[in-house]
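S.K.: what's the 3D shape of this:
(3 chains)
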Amino acid sequence: MNIHPKTQQAYQLLHDGVIALARAERQGIRLDVDYTRRKYRQLTRKIEGIENKFLQSKFCVDWKRKAKKEINPNSGKQLAWYLYDVLNLTPVKTTPSGQGSTDEDALSALNIPELDDLLYSRKLKKIRDYLDLFQREQVDGYIHPVFNLHFARTFRSSCDSPNIQNTPKRDDEAEKIVRGALFPRPGHQLLEVDYSGLEVRIAACYHNDPTMIKYINDPKSDMHSDMACQIFKIDDIDKSIPSHYTLRQAAKNGFVFPQFYGDYYKNNAISICNDWVKLPQTSWKWGQGIRFMPLIVEDITIPYNTISDHLIYEKIKSFNAFEKHLQDIEYDFWHNRFSEYAKWKERWWQGYQKYGYIDMKTGFRCGGVMSRNDCINYPVQGAAFHCLLWSLIKLDRLLTVGELDTKIIGQIHDSIILDMNPDERDYLIPQIRRITCEKLPEAWDWIIVPLDVDIELHPVDGSWADKG
DNA sequence: GGAACTCGCCAC
DNA sequence: AAACGTGGCGAGTTCC
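M.R.: Here you go, the predicted structure:
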(Lines give C-alpha, C1' and ligand atoms only; values in the text may rest on other atoms or scores of the structure.)
Protein backbone atom coordinates (compact mmCIF):
# COMPACT_ATOMS: atom_id res chain seq x y z
CA MET A 1 0.00 0.00 0.00
CA ASN A 2 1.23 3.47 -0.83
CA ILE A 3 1.34 5.89 2.06
CA HIS A 4 1.42 9.53 1.10
CA PRO A 5 4.65 11.12 2.37
CA LYS A 6 2.61 13.75 4.21
CA THR A 7 0.65 11.04 5.99
CA GLN A 8 3.91 9.44 7.04
CA GLN A 9 5.09 12.82 8.29
CA ALA A 10 1.91 13.34 10.31
CA TYR A 11 2.21 9.84 11.78
CA GLN A 12 5.82 10.48 12.80
CA LEU A 13 4.95 13.87 14.31
CA LEU A 14 2.38 12.26 16.61
CA HIS A 15 4.77 9.52 17.68
CA ASP A 16 7.66 11.89 18.39
CA GLY A 17 5.28 14.37 19.99
CA VAL A 18 3.80 11.84 22.38
CA ILE A 19 7.26 10.91 23.65
CA ALA A 20 8.44 14.50 24.05
CA LEU A 21 5.24 15.42 25.88
CA ALA A 22 5.51 12.34 28.11
CA ARG A 23 8.92 13.60 29.19
CA ALA A 24 7.40 16.98 30.09
CA GLU A 25 4.65 15.16 31.98
CA ARG A 26 7.15 13.09 33.96
CA GLN A 27 9.17 16.20 34.80
CA GLY A 28 6.15 18.07 36.20
CA ILE A 29 5.67 21.55 37.56
CA ARG A 30 6.56 22.44 41.14
CA LEU A 31 3.64 23.43 43.34
CA ASP A 32 4.05 25.41 46.55
CA VAL A 33 1.86 23.07 48.58
CA ASP A 34 1.89 25.15 51.78
CA TYR A 35 0.92 28.29 49.92
CA THR A 36 -1.84 26.41 48.11
CA ARG A 37 -3.35 25.09 51.37
CA ARG A 38 -3.08 28.49 53.04
CA LYS A 39 -4.61 30.33 50.13
CA TYR A 40 -7.37 27.73 49.80
CA ARG A 41 -8.41 28.24 53.43
CA GLN A 42 -8.19 32.01 53.12
CA LEU A 43 -10.43 31.95 50.03
CA THR A 44 -12.89 29.64 51.77
CA ARG A 45 -13.29 32.08 54.65
CA LYS A 46 -13.76 34.95 52.25
CA ILE A 47 -16.32 33.03 50.18
CA GLU A 48 -18.28 32.05 53.31
CA GLY A 49 -18.44 35.70 54.37
CA ILE A 50 -19.73 36.84 51.00
CA GLU A 51 -22.20 33.95 50.70
CA ASN A 52 -23.61 34.62 54.17
CA LYS A 53 -24.05 38.27 53.36
CA PHE A 54 -25.79 37.33 50.13
CA LEU A 55 -28.05 34.76 51.76
CA GLN A 56 -29.16 37.27 54.41
CA SER A 57 -29.92 39.97 51.85
CA LYS A 58 -33.48 41.03 51.09
CA PHE A 59 -33.07 39.50 47.65
CA CYS A 60 -32.45 36.01 49.04
CA VAL A 61 -35.02 36.26 51.81
CA ASP A 62 -37.68 36.97 49.20
CA TRP A 63 -36.30 34.28 46.86
CA LYS A 64 -36.52 31.72 49.67
CA ARG A 65 -40.03 32.82 50.62
CA LYS A 66 -41.26 32.44 47.04
CA ALA A 67 -39.50 29.09 46.65
CA LYS A 68 -41.08 27.79 49.88
CA LYS A 69 -37.91 25.76 50.54
CA GLU A 70 -34.18 26.12 51.13
CA ILE A 71 -32.56 27.77 48.13
CA ASN A 72 -29.20 27.00 46.58
CA PRO A 73 -27.60 30.24 45.41
CA ASN A 74 -25.26 28.23 43.18
CA SER A 75 -28.11 26.78 41.18
CA GLY A 76 -28.57 28.55 37.88
CA LYS A 77 -31.90 26.85 37.44
CA GLN A 78 -33.28 28.12 40.74
CA LEU A 79 -31.91 31.60 40.13
CA ALA A 80 -33.35 31.75 36.61
CA TRP A 81 -36.72 30.64 37.98
CA TYR A 82 -36.74 33.42 40.60
CA LEU A 83 -35.45 36.20 38.33
CA TYR A 84 -37.36 35.42 35.18
CA ASP A 85 -40.48 33.53 36.36
CA VAL A 86 -41.16 35.11 39.76
CA LEU A 87 -39.80 38.64 39.37
CA ASN A 88 -40.67 38.61 35.65
CA LEU A 89 -37.44 40.32 34.68
CA THR A 90 -36.31 40.08 31.08
CA PRO A 91 -33.06 38.18 30.49
CA VAL A 92 -30.63 39.96 28.18
CA LYS A 93 -29.88 36.56 26.66
CA THR A 94 -30.86 32.92 26.85
CA THR A 95 -28.86 29.72 27.06
CA PRO A 96 -28.85 27.24 24.15
CA SER A 97 -31.71 25.33 25.78
CA GLY A 98 -33.82 28.47 25.99
CA GLN A 99 -33.55 29.16 29.72
CA GLY A 100 -32.88 32.76 30.73
CA SER A 101 -29.15 33.14 31.21
CA THR A 102 -27.65 33.68 34.64
CA ASP A 103 -24.08 34.29 33.52
CA GLU A 104 -22.05 37.36 34.46
CA ASP A 105 -23.35 39.50 31.58
CA ALA A 106 -26.97 38.61 32.26
CA LEU A 107 -26.77 39.24 36.01
CA SER A 108 -24.85 42.52 35.67
CA ALA A 109 -27.45 43.82 33.25
CA LEU A 110 -30.19 43.47 35.90
CA ASN A 111 -28.56 46.11 38.13
CA ILE A 112 -29.39 44.27 41.35
CA PRO A 113 -26.62 45.16 43.83
CA GLU A 114 -26.93 41.90 45.77
CA LEU A 115 -26.05 39.93 42.66
CA ASP A 116 -22.60 41.52 42.64
CA ASP A 117 -21.87 39.52 45.79
CA LEU A 118 -22.98 36.34 44.04
CA LEU A 119 -20.75 37.12 41.05
CA TYR A 120 -17.77 37.83 43.27
CA SER A 121 -18.22 34.60 45.22
CA ARG A 122 -18.49 32.72 41.91
CA LYS A 123 -15.21 34.25 40.83
CA LEU A 124 -13.44 33.37 44.09
CA LYS A 125 -14.77 29.81 43.92
CA LYS A 126 -13.43 29.45 40.42
CA ILE A 127 -10.02 30.53 41.69
CA ARG A 128 -10.29 28.14 44.63
CA ASP A 129 -11.20 25.26 42.29
CA TYR A 130 -7.87 25.62 40.50
CA LEU A 131 -5.96 25.44 43.79
CA ASP A 132 -8.05 22.46 44.85
CA LEU A 133 -7.30 20.63 41.62
CA PHE A 134 -3.57 21.36 41.88
CA GLN A 135 -3.53 20.08 45.44
CA ARG A 136 -5.34 16.87 44.56
CA GLU A 137 -3.14 16.17 41.56
CA GLN A 138 0.24 16.98 43.09
CA VAL A 139 2.67 14.20 43.96
CA ASP A 140 5.58 15.14 46.21
CA GLY A 141 5.06 18.80 45.39
CA TYR A 142 4.87 18.42 41.60
CA ILE A 143 1.84 18.41 39.32
CA HIS A 144 2.07 16.29 36.17
CA PRO A 145 -0.39 17.54 33.55
CA VAL A 146 -1.30 14.96 30.90
CA PHE A 147 -0.96 16.16 27.30
CA ASN A 148 -3.22 14.40 24.80
CA LEU A 149 -2.68 14.38 21.05
CA HIS A 150 -5.61 12.13 20.17
CA PHE A 151 -8.70 13.96 21.48
CA ALA A 152 -9.19 17.23 19.61
CA ARG A 153 -11.01 17.09 16.25
CA THR A 154 -8.57 19.65 14.95
CA PHE A 155 -5.52 17.52 15.82
CA ARG A 156 -4.58 20.10 18.39
CA SER A 157 -3.62 18.94 21.89
CA SER A 158 -5.69 18.87 25.03
CA CYS A 159 -4.51 18.73 28.61
CA ASP A 160 -5.93 17.35 31.84
CA SER A 161 -5.24 16.27 35.41
CA PRO A 162 -4.81 19.21 35.83
CA ASN A 163 -5.37 21.19 32.65
CA ILE A 164 -2.49 23.63 32.76
CA GLN A 165 -3.62 25.18 29.48
CA ASN A 166 -6.39 27.21 31.11
CA THR A 167 -4.70 28.71 34.16
CA PRO A 168 -6.00 32.28 34.55
CA LYS A 169 -3.94 35.11 33.10
CA ARG A 170 -6.38 37.85 32.00
CA ASP A 171 -7.79 38.64 35.43
CA ASP A 172 -5.11 40.11 37.70
CA GLU A 173 -6.47 38.73 40.96
CA ALA A 174 -6.98 35.22 39.58
CA GLU A 175 -3.62 35.20 37.83
CA LYS A 176 -1.75 36.27 40.93
CA ILE A 177 -3.34 33.62 43.16
CA VAL A 178 -3.36 30.65 40.78
CA ARG A 179 -0.14 31.17 38.83
CA GLY A 180 1.41 32.26 42.11
CA ALA A 181 1.23 28.61 43.25
CA LEU A 182 3.42 27.27 40.45
CA PHE A 183 7.23 27.44 40.50
CA PRO A 184 10.34 26.10 38.79
CA ARG A 185 12.65 23.75 40.71
CA PRO A 186 14.70 25.58 43.37
CA GLY A 187 17.39 27.78 41.85
CA HIS A 188 15.71 27.67 38.44
CA GLN A 189 13.48 30.03 36.49
CA LEU A 190 10.40 29.63 34.30
CA LEU A 191 10.76 30.49 30.63
CA GLU A 192 7.91 30.83 28.15
CA VAL A 193 8.41 30.75 24.40
CA ASP A 194 5.40 32.10 22.59
CA TYR A 195 4.85 32.18 18.83
CA SER A 196 3.42 35.60 18.02
CA GLY A 197 0.32 35.60 15.84
CA LEU A 198 0.88 31.98 14.88
CA GLU A 199 -2.63 31.17 13.67
CA VAL A 200 -2.80 34.29 11.51
CA ARG A 201 0.55 33.39 9.94
CA ILE A 202 -0.40 29.77 9.32
CA ALA A 203 -3.73 30.85 7.83
CA ALA A 204 -1.74 32.98 5.40
CA CYS A 205 0.12 29.85 4.26
CA TYR A 206 -3.21 28.41 3.15
CA HIS A 207 -4.89 31.45 1.57
CA ASN A 208 -1.82 33.40 0.35
CA ASP A 209 -3.67 36.69 0.62
CA PRO A 210 -1.22 39.40 -0.53
CA THR A 211 -2.54 42.05 1.87
CA MET A 212 -2.20 39.70 4.83
CA ILE A 213 1.27 38.66 3.75
CA LYS A 214 2.28 42.32 3.54
CA TYR A 215 1.03 42.87 7.08
CA ILE A 216 3.05 39.89 8.29
CA ASN A 217 6.21 40.83 6.40
CA ASP A 218 6.23 44.46 7.47
CA PRO A 219 6.71 44.64 11.24
CA LYS A 220 5.92 48.36 11.20
CA SER A 221 2.44 47.73 9.81
CA ASP A 222 -0.32 46.62 12.17
CA MET A 223 -3.57 45.09 10.99
CA HIS A 224 -5.32 45.62 14.33
CA SER A 225 -4.43 49.31 14.50
CA ASP A 226 -5.65 49.79 10.94
CA MET A 227 -8.95 48.12 11.80
CA ALA A 228 -9.28 50.23 14.95
CA CYS A 229 -8.88 53.37 12.85
CA GLN A 230 -11.56 52.22 10.47
CA ILE A 231 -13.99 51.04 13.16
CA PHE A 232 -13.66 54.10 15.39
CA LYS A 233 -13.00 56.66 12.67
CA ILE A 234 -9.67 57.94 13.90
CA ASP A 235 -6.52 58.90 11.97
CA ASP A 236 -3.96 56.75 13.73
CA ILE A 237 -3.38 54.55 16.74
CA ASP A 238 -0.70 55.61 19.18
CA LYS A 239 -0.29 52.47 21.31
CA SER A 240 1.26 54.46 24.17
CA ILE A 241 -2.07 56.23 24.75
CA PRO A 242 -4.17 53.90 26.96
CA SER A 243 -7.49 54.70 25.27
CA HIS A 244 -5.92 54.06 21.85
CA TYR A 245 -4.59 50.76 23.08
CA THR A 246 -8.09 49.83 24.26
CA LEU A 247 -9.50 50.63 20.83
CA ARG A 248 -6.85 48.44 19.22
CA GLN A 249 -7.74 45.60 21.60
CA ALA A 250 -11.42 46.15 20.75
CA ALA A 251 -10.68 45.88 17.03
CA LYS A 252 -8.49 42.82 17.51
CA ASN A 253 -10.60 40.81 19.97
CA GLY A 254 -14.02 42.24 19.12
CA PHE A 255 -13.79 42.20 15.33
CA VAL A 256 -10.70 40.77 13.60
CA PHE A 257 -10.30 37.46 15.42
CA PRO A 258 -14.03 36.70 15.64
CA GLN A 259 -14.27 37.40 11.90
CA PHE A 260 -11.44 34.94 11.26
CA TYR A 261 -13.31 32.32 13.28
CA GLY A 262 -16.44 32.94 11.23
CA ASP A 263 -18.40 35.40 13.34
CA TYR A 264 -20.29 38.37 11.86
CA TYR A 265 -20.91 42.07 12.39
CA LYS A 266 -23.99 41.82 14.62
CA ASN A 267 -22.12 39.87 17.29
CA ASN A 268 -19.06 42.07 16.75
CA ALA A 269 -21.09 45.19 17.49
CA ILE A 270 -22.42 43.75 20.75
CA SER A 271 -19.01 42.50 21.83
CA ILE A 272 -17.21 45.78 21.09
CA CYS A 273 -19.82 47.85 22.93
CA ASN A 274 -20.23 45.49 25.90
CA ASP A 275 -16.69 44.29 26.46
CA TRP A 276 -14.47 47.09 25.24
CA VAL A 277 -15.89 50.59 24.82
CA LYS A 278 -18.83 50.24 27.24
CA LEU A 279 -21.57 51.76 25.12
CA PRO A 280 -25.26 50.85 25.53
CA GLN A 281 -27.37 49.24 22.81
CA THR A 282 -29.52 52.37 22.49
CA SER A 283 -29.25 55.89 21.12
CA TRP A 284 -26.04 57.37 22.45
CA LYS A 285 -25.73 60.50 24.55
CA TRP A 286 -22.66 62.66 25.11
CA GLY A 287 -20.37 61.43 27.86
CA GLN A 288 -20.96 57.67 27.51
CA GLY A 289 -18.49 54.81 27.27
CA ILE A 290 -14.76 54.79 27.91
CA ARG A 291 -12.84 57.99 28.22
CA PHE A 292 -11.20 58.72 24.92
CA MET A 293 -9.27 61.82 23.86
CA PRO A 294 -9.38 65.51 24.58
CA LEU A 295 -11.71 67.04 22.03
CA ILE A 296 -10.80 70.38 20.47
CA VAL A 297 -13.78 72.40 19.26
CA GLU A 298 -13.02 75.88 17.99
CA ASP A 299 -9.78 76.17 19.97
CA ILE A 300 -11.38 75.09 23.22
CA THR A 301 -10.13 71.81 24.61
CA ILE A 302 -12.75 69.69 26.35
CA PRO A 303 -10.71 67.53 28.72
CA TYR A 304 -12.93 64.49 29.32
CA ASN A 305 -14.04 63.35 25.93
CA THR A 306 -15.62 59.91 25.76
CA ILE A 307 -15.93 57.43 22.93
CA SER A 308 -19.60 58.30 22.46
CA ASP A 309 -18.68 62.00 22.07
CA HIS A 310 -16.25 61.05 19.35
CA LEU A 311 -18.58 58.69 17.52
CA ILE A 312 -21.52 61.10 17.70
CA TYR A 313 -19.20 63.78 16.32
CA GLU A 314 -18.42 61.34 13.49
CA LYS A 315 -22.16 60.91 12.79
CA ILE A 316 -22.47 57.49 14.41
CA LYS A 317 -25.11 58.33 16.97
CA SER A 318 -26.55 55.04 18.17
CA PHE A 319 -25.84 51.37 18.55
CA ASN A 320 -27.88 50.68 15.43
CA ALA A 321 -25.80 53.11 13.43
CA PHE A 322 -22.64 51.49 14.77
CA GLU A 323 -23.91 48.07 13.80
CA LYS A 324 -24.62 49.28 10.28
CA HIS A 325 -21.14 50.83 10.21
CA LEU A 326 -19.64 47.45 11.17
CA GLN A 327 -21.65 45.77 8.43
CA ASP A 328 -19.97 48.06 5.90
CA ILE A 329 -16.59 47.36 7.46
CA GLU A 330 -17.20 43.63 7.29
CA TYR A 331 -18.03 43.94 3.59
CA ASP A 332 -14.85 45.93 3.00
CA PHE A 333 -12.83 43.50 5.11
CA TRP A 334 -13.69 40.46 2.98
CA HIS A 335 -14.32 42.07 -0.43
CA ASN A 336 -11.47 44.58 -0.55
CA ARG A 337 -8.90 44.18 2.20
CA PHE A 338 -8.70 40.36 2.36
CA SER A 339 -10.45 39.28 -0.82
CA GLU A 340 -8.01 36.45 -1.56
CA TYR A 341 -8.54 35.12 1.96
CA ALA A 342 -12.30 35.21 1.32
CA LYS A 343 -11.91 33.31 -1.94
CA TRP A 344 -9.83 30.67 -0.18
CA LYS A 345 -12.56 30.22 2.45
CA GLU A 346 -15.12 29.62 -0.26
CA ARG A 347 -12.86 27.21 -2.21
CA TRP A 348 -12.11 25.28 0.97
CA TRP A 349 -15.80 24.95 1.83
CA GLN A 350 -16.64 23.83 -1.74
CA GLY A 351 -13.79 21.31 -1.59
CA TYR A 352 -15.13 19.75 1.58
CA GLN A 353 -18.63 19.50 0.11
CA LYS A 354 -17.25 17.79 -2.98
CA TYR A 355 -14.82 15.34 -1.35
CA GLY A 356 -16.07 15.03 2.23
CA TYR A 357 -12.79 15.89 3.90
CA ILE A 358 -10.05 18.48 4.13
CA ASP A 359 -6.31 17.93 4.33
CA MET A 360 -4.04 20.01 6.52
CA LYS A 361 -0.65 21.29 5.42
CA THR A 362 0.81 18.94 8.03
CA GLY A 363 -0.69 15.79 6.51
CA PHE A 364 -3.68 15.30 8.80
CA ARG A 365 -7.11 14.73 7.32
CA CYS A 366 -10.38 16.02 8.85
CA GLY A 367 -13.62 14.35 7.85
CA GLY A 368 -17.07 13.63 9.19
CA VAL A 369 -19.81 16.20 9.54
CA MET A 370 -18.30 19.67 9.44
CA SER A 371 -19.81 23.16 9.20
CA ARG A 372 -18.43 25.88 6.96
CA ASN A 373 -16.67 27.47 9.91
CA ASP A 374 -15.21 24.11 10.91
CA CYS A 375 -13.74 23.70 7.42
CA ILE A 376 -12.03 27.05 7.69
CA ASN A 377 -10.88 26.79 11.29
CA TYR A 378 -9.66 23.22 11.70
CA PRO A 379 -6.81 23.24 9.19
CA VAL A 380 -5.46 26.49 10.60
CA GLN A 381 -5.76 25.53 14.28
CA GLY A 382 -4.28 22.11 13.67
CA ALA A 383 -1.33 23.11 11.50
CA ALA A 384 -0.48 26.02 13.81
CA PHE A 385 -0.31 23.63 16.76
CA HIS A 386 1.81 21.22 14.72
CA CYS A 387 4.37 23.98 14.24
CA LEU A 388 4.58 24.28 18.00
CA LEU A 389 4.78 20.51 18.41
CA TRP A 390 7.58 20.19 15.85
CA SER A 391 9.56 22.86 17.71
CA LEU A 392 8.89 21.20 21.04
CA ILE A 393 10.19 17.87 19.74
CA LYS A 394 13.39 19.46 18.42
CA LEU A 395 13.91 21.41 21.62
CA ASP A 396 13.35 18.27 23.68
CA ARG A 397 16.04 16.51 21.65
CA LEU A 398 18.46 19.37 22.14
CA LEU A 399 17.93 19.23 25.90
CA THR A 400 18.05 15.44 26.11
CA VAL A 401 21.00 14.78 23.84
CA GLY A 402 22.99 17.65 25.37
CA GLU A 403 22.11 16.39 28.88
CA LEU A 404 21.03 19.87 29.90
CA ASP A 405 19.49 20.54 33.29
CA THR A 406 16.72 22.67 31.73
CA LYS A 407 13.47 20.76 31.12
CA ILE A 408 10.32 21.34 29.08
CA ILE A 409 7.39 21.22 31.51
CA GLY A 410 4.43 22.12 29.37
CA GLN A 411 2.85 23.53 26.24
CA ILE A 412 -0.16 25.78 25.58
CA HIS A 413 -1.03 25.44 21.85
CA ASP A 414 1.35 28.13 20.64
CA SER A 415 3.82 28.30 23.51
CA ILE A 416 6.33 26.13 25.35
CA ILE A 417 7.03 26.38 29.09
CA LEU A 418 10.45 25.46 30.42
CA ASP A 419 11.97 25.06 33.87
CA MET A 420 15.43 26.50 33.16
CA ASN A 421 18.78 26.38 34.89
CA PRO A 422 19.93 30.04 34.74
CA ASP A 423 23.49 28.92 33.83
CA GLU A 424 22.12 27.52 30.57
CA ARG A 425 20.22 30.65 29.63
CA ASP A 426 22.77 32.29 27.34
CA TYR A 427 23.30 29.10 25.40
CA LEU A 428 19.66 28.16 25.25
CA ILE A 429 17.84 31.30 24.16
CA PRO A 430 19.59 31.63 20.77
CA GLN A 431 19.10 27.90 20.23
CA ILE A 432 15.39 28.23 20.91
CA ARG A 433 15.10 31.09 18.43
CA ARG A 434 17.00 29.06 15.86
CA ILE A 435 14.73 26.02 16.19
CA THR A 436 11.42 27.88 16.31
CA CYS A 437 12.03 30.59 13.70
CA GLU A 438 14.68 29.16 11.35
CA LYS A 439 14.76 25.36 11.47
CA LEU A 440 11.01 24.92 11.27
CA PRO A 441 10.49 26.91 8.05
CA GLU A 442 13.49 25.06 6.60
CA ALA A 443 11.85 21.73 7.40
CA TRP A 444 8.36 22.68 6.16
CA ASP A 445 8.53 24.50 2.86
CA TRP A 446 4.84 25.38 2.89
CA ILE A 447 5.60 27.97 5.59
CA ILE A 448 5.89 31.01 3.33
CA VAL A 449 5.83 33.77 5.95
CA PRO A 450 8.39 34.64 8.64
CA LEU A 451 7.80 33.27 12.14
CA ASP A 452 8.55 35.10 15.36
CA VAL A 453 8.62 34.19 19.06
CA ASP A 454 8.28 36.18 22.26
CA ILE A 455 10.51 34.87 25.02
CA GLU A 456 9.41 35.69 28.55
CA LEU A 457 11.72 35.05 31.48
CA HIS A 458 10.35 34.80 35.00
CA PRO A 459 12.71 35.56 37.91
CA VAL A 460 14.94 32.88 39.42
CA ASP A 461 12.87 31.14 42.13
CA GLY A 462 9.89 33.28 41.08
CA SER A 463 6.41 31.89 40.50
CA TRP A 464 4.51 31.80 37.21
CA ALA A 465 2.81 35.01 38.34
CA ASP A 466 6.08 36.87 38.91
CA LYS A 467 7.13 38.98 35.96
CA GLY A 468 10.76 39.02 34.88
C1' DG B 1 -25.73 5.69 42.92
C1' DG B 2 -23.65 6.61 38.60
C1' DA B 3 -24.11 8.29 33.68
C1' DA B 4 -25.26 12.05 31.00
C1' DC B 5 -26.90 16.28 30.69
C1' DT B 6 -26.87 21.82 31.28
C1' DC B 7 -24.62 25.90 32.56
C1' DG B 8 -20.85 28.84 33.64
C1' DC B 9 -16.07 30.04 32.93
C1' DC B 10 -10.92 29.46 32.45
C1' DA B 11 -7.33 29.17 28.35
C1' DC B 12 -5.68 29.51 23.14
C1' DA C 1 -26.91 32.11 3.00
C1' DA C 2 -25.66 32.06 7.60
C1' DA C 3 -23.54 33.44 11.43
C1' DC C 4 -17.63 32.02 16.99
C1' DG C 5 -13.38 27.44 16.37
C1' DT C 6 -10.89 24.02 20.15
C1' DG C 7 -10.48 22.14 24.81
C1' DG C 8 -11.24 20.83 30.75
C1' DC C 9 -13.66 21.04 34.89
C1' DG C 10 -17.03 22.07 38.76
C1' DA C 11 -21.87 22.31 40.51
C1' DG C 12 -26.46 21.34 39.80
C1' DT C 13 -29.82 18.42 37.80
C1' DT C 14 -32.20 14.55 35.61
C1' DC C 15 -32.52 9.93 34.04
C1' DC C 16 -32.15 5.09 34.65
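S.K.: Would you state the strands of chain A in chain order?
M.R.: For chain A, strands defined by DSSP state E occupy the ranges A:29-31, A:142-143, A:146-148, A:158-160, A:182-183, A:189-195, A:295-297, A:300-302, A:357-359, A:365-367, A:407-411, A:415-420, A:453-457.
S.K.: And these: which comes nearest residue A:83?
M.R.: strand A:158-160 (34.2 Å; C-beta to C-beta). Just so you know, the C-beta spots here come from the backbone N, C-alpha and C atoms, and that holds for glycine as well.
S.K.: picking that back up, pipe the strands of chain A into JSON lines and attach mean neighbour count and distance to residue A:322 per row.
M.R.: Formatted as JSON lines, these follow (neighbours: other C-beta atoms under 10 Å; distance: least, C-beta to C-beta, whole Å):
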{"stretch": "strand A:29-31", "mean neighbour count": "24", "distance to residue A:322": "45"}
{"stretch": "strand A:142-143", "mean neighbour count": "20", "distance to residue A:322": "45"}
{"stretch": "strand A:146-148", "mean neighbour count": "17", "distance to residue A:322": "42"}
{"stretch": "strand A:158-160", "mean neighbour count": "16", "distance to residue A:322": "38"}
{"stretch": "strand A:182-183", "mean neighbour count": "24", "distance to residue A:322": "42"}
{"stretch": "strand A:189-195", "mean neighbour count": "22", "distance to residue A:322": "33"}
{"stretch": "strand A:295-297", "mean neighbour count": "11", "distance to residue A:322": "19"}
{"stretch": "strand A:300-302", "mean neighbour count": "9", "distance to residue A:322": "22"}
{"stretch": "strand A:357-359", "mean neighbour count": "17", "distance to residue A:322": "36"}
{"stretch": "strand A:365-367", "mean neighbour count": "15", "distance to residue A:322": "37"}
{"stretch": "strand A:407-411", "mean neighbour count": "25", "distance to residue A:322": "39"}
{"stretch": "strand A:415-420", "mean neighbour count": "23", "distance to residue A:322": "35"}
{"stretch": "strand A:453-457", "mean neighbour count": "15", "distance to residue A:322": "33"}
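S.K.: Tell me how far residue A:8 lies from residue A:196.
M.R.: Here the criterion is C-beta to C-beta, to the nearest Å. By it, residue A:8 lies 30 Å from residue A:196.
S.K.: Check the strands of chain A for me: which has the lowest mean pLDDT.
M.R.: Looking at these, the lowest mean pLDDT belongs to strand A:295-297 (a mean of 68).
S.K.: my read: residue A:177 touches residue A:40, true?
M.R.: No - between residue A:177 and residue A:40 there is no contact under C-beta atoms under 8 Å: 9.9 Å.
S.K.: Give me the more crowded residue out of those two.
M.R.: Remark: of residue A:177 and residue A:40, residue A:177 carries more neighbours, 23 against 19, as counted by other C-beta atoms under 10 Å.
S.K.: What does the pLDDT read for the closest residue to the more buried one other than its chain neighbours?
M.R.: With C-beta to C-beta, 6 or more residues apart in numbering as the criterion, residue A:177 has its nearest non-adjacent residue at 5.3 Å, and that residue is residue A:127. The confidence metric pLDDT takes the value 94 at residue A:127.
S.K.: Can you tell me how far residue A:127 is from DNA strand C?
M.R.: 11 Å (C-beta to the nearest atom of the strand, to the nearest Å).
S.K.: cool, residue A:178 as well?
M.R.: Note on residue A:178: its distance to DNA strand C, by C-beta to the nearest atom of the strand, is 13 Å.
S.K.: thinking that residue is in contact with residue A:130, fair?
M.R.: Yes - Residue A:178 lies in contact with residue A:130 (C-beta under 8 Å); the separation is 4.6 Å.
S.K.: joint contacts of those two?
M.R.: A:167-168 (C-beta atoms under 8 Å, 6 or more residues apart in numbering).
S.K.: So residue A:162 sits against residue A:144, correct?
M.R.: No - Residue A:162 sits out of contact with residue A:144 when judged by C-beta under 8 Å, with a separation of 9.1 Å.
S.K.: More neighbours: which of those two?
M.R.: residue A:162 (23 against 17).
S.K.: and the closest residue to the more buried one other than its chain neighbours, how many neighbours does it have?
M.R.: Excluding the flanking residues, the one nearest residue A:162 by C-beta to C-beta, 6+ apart is residue A:133, at 4.5 Å. Residues lying near residue A:133 (other C-beta under 10 Å) number 16.
S.K.: What of the one 5 residues further on?
M.R.: Residue A:138: 20 surrounding residues under other C-beta under 10 Å.
S.K.: cool, and residue A:85?
M.R.: 11.
S.K.: Over to residue A:401?
M.R.: If you count neighbours by other C-beta under 10 Å, residue A:401 ends up with 8.
S.K.: any shared contact partners between residue A:177 and residue A:40?
M.R.: With C-beta under 8 Å, 6+ apart, residue A:177 and residue A:40 have common neighbours residue A:131.
S.K.: if I pick residue A:112, what's in contact with it?
M.R.: Per C-beta under 8 Å, 6+ apart, neighbours of residue A:112: residue A:59.
S.K.: Would you mark the buried spots in stretch A:123-139?
M.R.: Residues A:123-125, A:127-128, A:130-135, A:137-138 are the ones in stretch A:123-139 that count as buried (16 or more other C-beta atoms under 10 Å).
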